[in-house]
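In: Here is the input, now give the coordinates:
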Amino acid sequence: MSIIPEVKCRRCGESFSALRSRCPACGTRRVTQSSRTPDTTPSTVRGTAAYERASVNTKWQLIFGLILVVAVILAVIVMVSTGLNDSSSGERTKNTPTPPVEESVAPTPEAAPTPSPTPTPTIQKLEIRYSLDGKERTEVTMKVGEKLPMEAIIIPTDITGVVKWTSDNEDLVTITVDKENPNKVTLECLAFQAGGIKVHAEVYGVKQDLQIYMNNG
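Out: Modelled structure (predicted):
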């Protein structure tokens, strides 16, 4: 066992004698460890001003810590109570019956008044007249191929209406209605028939007949 202690190089890790000041391998200078004992911190020595200040700081740190803990506890209590109130109010809202909604009844629309029917005019007479002389005719004689202008007159004359004309046989006597006045017509005899036929005029339910005889000569 060697009497002289050895040290390790802090750079290359080579062991060498403690009597050397440098590492024989890399030449790094050996650092001598200090044997000095550090002085006592003034704040740990009783009676010093630093010790008093450290004590005061420690007290304030404890007070601040207690205040912080109390604040946290109060905040937790407030949060819990708020949550309970919200849940209870929610349950009350669920349990509270909703008032029935009154259904609005739409007003029944009034039916449109039914228009009064136009009364049928009262006709005293319907005459068939020969247009060339304006005289009433109830019968006429026509030759085959002859044309006669006829007109229906409503009495009283202040009543207006469209007269409907018909022939018993269109192959014997045709009716041509005037475009400007439908109450005027032109009758044309197309063929002979013994005994003749009738032409009818009608307006507002009142009828008038015109007997037509044929002349074959």
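
In: From here on, just use CA atoms for contacts and neighbour counts.
Out: Fine.

In: Residue 6 pairs with what?
Out: Counting by DSSP bridges, residue 6 forms beta bridges with residue 17.

In: I'd assumed residue 20 was in contact with it.
Out: No: Residue 6 lies out of contact with residue 20 (C-alpha atoms under 8 Å); the separation is 9.3 Å.

In: ok so residue 12 is a strand residue?
Out: No: according to DSSP: H, G, I helix; E, B strand; the rest coil, residue 12 belongs to no strand; its state is coil.

In: Could you find the closest non-adjacent residue to it?
Out: Among residues not flanking residue 12 along the chain, residue 26 sits closest, at 7.0 Å (C-alpha to C-alpha, 6 or more residues apart in numbering).

In: again with residue 24
Out: Using C-alpha to C-alpha, 6+ apart, the closest residue to residue 24 is residue 16 (7.2 Å).

In: quick one: least confident helix or strand in this structure?
Out: In the chain, no helix or strand scores lower on mean pLDDT, DSSP states H and E than helix 49-95, which sits at a mean of 79.

In: ok, back up a step: how many other residues sit next to the residue nearest to residue 12?
Out: As a burial measure, residue 26 scores 12 neighbours (other C-alpha atoms under 10 Å).

In: and if you look at residue 144?
Out: Number of residues near residue 144 (other C-alpha under 10 Å) recorded here: 17.

In: ditto for residue 214
Out: Neighbour count for residue 214, taken as other C-alpha under 10 Å: 22.
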